[in-house]
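In: this one's structure only:
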């Protein structure tokens, strides 16, 4: 997002990830509501944290009708292919990174940007997964 935020028009349904400096500049312009990710849990916005887990959340898993999750991050991690497999068990528990921090540290061939995901029956790249998996999962939290 860096660098082109000046062209953004305020919108009630726009969510974006920007740097703290960009947030300060937008706040100074008076455009929209700015919630800094690291301050979210302190100001009643804990649900904005993708790791926020609630048993009463039933977030639809994109590409998998009839599957639901208790957090956005569990969907993201569960649909990530690690060693050629997804992990549907993630949807029923508190989210954790896949592969784990230790596995990532000891695995010289792990490159986050090369992560792949399963959507429906298709293997998709990281950027496509952000659009098809992450955005729909996250925006579900804003629906009434």
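Out: Looks like it arrived, so ask away. Since we're looking at a predicted model, the values are computed, not measured. Numbering: from 1, shown residues only.

In: Domain-wise, how is this protein divided?
Out: If you go by automatic domain parsing, the domain ranges for the chain are 5-34, 59-140.

In: least reliable of the ones you listed going by mean pLDDT?
Out: Note on these: domain 5-34 shows the lowest mean pLDDT, a mean of 54.

In: Is residue 76 in a helix, a strand, or coil?
Out: Recorded secondary structure, residue 76: helix (DSSP: H, G, I helix; E, B strand; the rest coil).

In: who's in contact with the nearest residue to it once chain neighbours are set aside?
Out: Closest residue in space to residue 76, ignoring its immediate chain neighbours: residue 134 at 5.9 Å, by Cβ to Cβ, 6 or more residues apart in numbering. To be clear about C-beta, it is placed using only N, CA and C from the backbone, and glycine gets the same treatment. For residue 134, the contacting residues are 72, 75, 76, by Cβ atoms under 8 Å, 6 or more residues apart in numbering.
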